[in-house]
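>>> Next come a sequence and a model predicted from it.
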Amino acid sequence: MQTFVATIPHLIAVGFHALSDPLRISVLELLRQQELCVCDLCDALEVSQSKLSFHLKTLKEAGLVHTRQEGRWIYYSLNLSQLNTLEEYLASFHQNRVVSPALSCRD
């Protein structure tokens, strides 16, 4: 069984991978304003549902979006807690203003 600490690097890596595609960034930008169904996302982004489904799956697996089903429609919204995790990870680098020099290597 994985420990909680062991899952943190995985969640961060998967999260940043999900953010590495312009279409997925566009999805997040749309969801920043409101929850949307797949059909609305397809229309706004001018992409087919099959293409968008792959990207939505990636965002969902990274924990960046929540889904809920209502009838035959699936609605997507931001998962702010996972976005905050990624933000906190990057912010932690800002705290290390002074980087210690490397120790001399031993021959």
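Sure, I can see it. Treat the numbers as computed from the prediction; the structure is a model and nothing was measured.
>>> Could you check how many residues crowd around the nearest residue to Thr85 once chain neighbours are set aside?
Among residues not flanking Thr85 along the chain, Leu11 sits closest, at 6.7 Å (CB to CB, 6 or more residues apart in numbering). Bear in mind the C-beta positions are built from the backbone N, C-alpha and C, glycine included. Per other CB atoms under 10 Å, the neighbour tally for Leu11 reads 15.
>>> which residues does Leu11 contact?
Ala62, Gly63, Gln82, Thr85 (CB atoms under 8 Å, 6 or more residues apart in numbering).
>>> Please identify the next secondary structure element, helix or strand, after the helix or strand hosting Ser53.
Element membership of Ser53, judged by DSSP states H and E, is helix 49-61. On the C-terminal side of helix 49-61, the closest following helix or strand by DSSP H and E is strand 65-70.
>>> residue ranges for the strands of the chain, please.
For the chain, the strands defined by DSSP state E cover 36-37, 65-70, 73-78.
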